[in-house]
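Peer 1: please work out how this folds:
(one chain, ligands or ions: 1)
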Amino acid sequence: MQNLTLAQISKGLEAGEFTSVEITQHYLDRIKQLDQGENGLNSFITVNEELALAEAKAADERRAAGNATAWTGVPIAHKDLLCTDGTLTTCGSKILSNFVPPYDATIVENFKKEGAVCLGKTNMDEFAMGSSNENSYFGAVKNPWDLERVPGGSSGGSAAAVAARLVPAATATDTGGSIRQPAAFTGLTGLKPTYGRCSRWGMVAYASSLDQAGPIAQTAEDAAMMLNVMASFDEKDSTSIEQPVPDYTATLNDDIKGKVIGLPKEYFPENLDPEMASVVRSAIAEFEKLGCTIKEISLPNTGLGIPAYYVVAPAECSANLSRMDGVRFGVRCEDPKDLEDLYKRSRGEGFGAEVKRRIMVGTYALSTGFYDAYYVKAQKIRRLIKNDFVAAFNDVDFIMSPTTPTPAFKTGEKTGDPVEMYMEDVFTIALNLAGLPGMSIPAGKVNNLPVGLQIIGNYWNEAGMLNMAHQFQTATDFHKEAPAGIDSNR
Ligand code: GLN
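Peer 2: Have a look, this model is predicted:
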């Protein structure tokens, strides 16, 4: 039962093959078996068993009353930075380890309206800062493909949970690669939409001008189903853009013959691991078989992406995280002497090392005397990067590349060197700086570990990307492979 996709679960519920209570209980049992305890994957921070079963029961009743949608009774999980009314929302941080929001994020509300069932909240790098899910106050997450390896980050909990079939799909967010990189590391399909496509209201901000929510799922079809619910215009979010939401599942079967795919030479550098390059190139050859044509292109400012991001993102996070002060919400230090002591110790004790590093870098970059040299310069680079893409999309329909330079690495392998960890996002980060949509789909394996192919689309062309991905998945089976051992008792 656990290998069912969202689309299959939706059909199964409709056909009366099982009830929402049955399928919800099935996943809750799997979570107990595979996720919890010392040897568990640790992909969930909170499992809301009682609430999930109550939602499932309500969904079954709604179906019996004849007003179910495709989503009614379908179980999902939310990344633990989306506010959930009455349910703990920690952002993977000690400072929010007691935070129970009094409202739902718009995305959470969108799923509730459809009658979807939320199994719980998934683990993540603290405040979405990281590429390995090792920065969580609630402990690292294991990659179900190899328990000694990381699932990627920051949405590592969502990715590990879907890969181990503890939930059929989950929400995630991507500021520099946090949907695509974990999807690549766990053999899944992940999509970061155009900036402004999904509401950020109720989504705890890391870097507001880069953050965007999207799905992690088993297939492009499921990602399309997820995006149908996640995408919406929201007047409560001033960066939400008023664009109609198409039915992303309606165009999955369109013919992709004649589409032009650009391969940027900067994304296939000479030092790219030859096995990674070969997996990605054979996936691209599959698109040629489907009638697409390939064109070499150049995105000359690619190399400036990581340095620009590590000015812009810390600058924005230093401002966003200033609200975590131990006064209004979150954890407060014991017995503060005075207000200054309260601020200092609540923040000092509440934030982890990587978050503190970024707050310091960001505060420095924004301070008088350095603002022009760092922040303004980074914003100018951002425009150059965007201009590269705009020019490229005059000649091509999509751009393709590896999602990551390597497959999943070992836990602890990169924690000693932050810059090495930052390089994980070398192929994903430019899209966030430009606000473009991108996705990762499973393209094969290296050393028995999944490898992702990145598909970059022009602004608002999520439907086109999903169409390309679905056609690839109709012709190939990479997305069907699940990690060995997820059926056994661990
Ligand atoms: N790995 C990047 C970082 O640490 C991106 C994280 C993200 O997309 N949230 O900031």
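
Peer 1: where in the stretch 301-450 of the chain is pLDDT low?
Peer 2: Within the stretch 301-450 of the chain, not a single segment meets pLDDT under 70.

Peer 1: just list the residues touching the closest residue to the ligand within it, thanks.
Peer 2: Proximity to the ligand, evaluated over the stretch 301-450 of the chain using C-beta to the nearest ligand atom, is greatest for Asp425 at 4.8 Å. Heads up, the C-betas are built off the backbone N, CA and C, glycines and all. Counting by C-beta atoms under 8 Å, 6 or more residues apart in numbering, Asp425 makes contact with Ser131, Gly176, Gly177, Gln181, Ile306, Tyr309.

Peer 1: filter the residues you listed down to the ones in strands?
Peer 2: Using DSSP state E, no member of the contacts of Asp425 sits in strands.

Peer 1: just checking: which of those residues also lie near the ligand?
Peer 2: When contact is defined as C-beta under 6 Å from any ligand atom, these meet the ligand at Ser131, Gly176, Gly177.

Peer 1: if I look at the second one, how far off is Asp125?
Peer 2: Gly176 sits at a distance of 11 Å from Asp125 (criterion: C-beta to C-beta, to the nearest Å).

Peer 1: cool, the first one as well?
Peer 2: To Asp125, Ser131 is 8 Å away according to C-beta to C-beta.

Peer 1: who's more crowded, those two?
Peer 2: Here Ser131 and Asp125 are compared on neighbour count by other C-beta atoms under 10 Å; more neighbours surround Asp125, at 31 against 28.

Peer 1: per-residue pLDDT of that one, please?
Peer 2: pLDDT for Asp125: 98.

Peer 1: related to what we said a few turns ago, joint contacts of Ser131 and Asp125?
Peer 2: The contact sets of Ser131 and Asp125 overlap at Gly153, Ser154, Ser178 (C-beta under 8 Å, 6+ apart).

Peer 1: distance of the first one from the ligand?
Peer 2: From Gly153 across to the ligand, the span is 6 Å (C-beta to the nearest ligand atom, to the nearest Å).

Peer 1: show me what contacts that residue?
Peer 2: Gly153 makes contact with Met124, Asp125, Gly130, Ser131, Ser132, Asn133, Glu134, Asn135, Ser178, Gln181, Pro182, according to C-beta under 8 Å, 6+ apart.

Peer 1: run the last query once more with 6 Å
Peer 2: By C-beta atoms under 6 Å, 6 or more residues apart in numbering, Gly153 lies in contact with Asp125, Gly130, Ser131, Ser132, Asn133.

Peer 1: how many other residues sit next to the nearest residue to Met1 once chain neighbours are set aside?
Peer 2: Leaving aside its chain neighbours, Met1 sits nearest to His26 (5.5 Å; criterion: C-beta to C-beta, 6 or more residues apart in numbering). His26 has 15 neighbours, counted by other C-beta under 10 Å.

Peer 1: His26 should be in a strand, yeah?
Peer 2: No - going by DSSP: H, G, I helix; E, B strand; the rest coil, the assignment for His26 is helix, not a strand.
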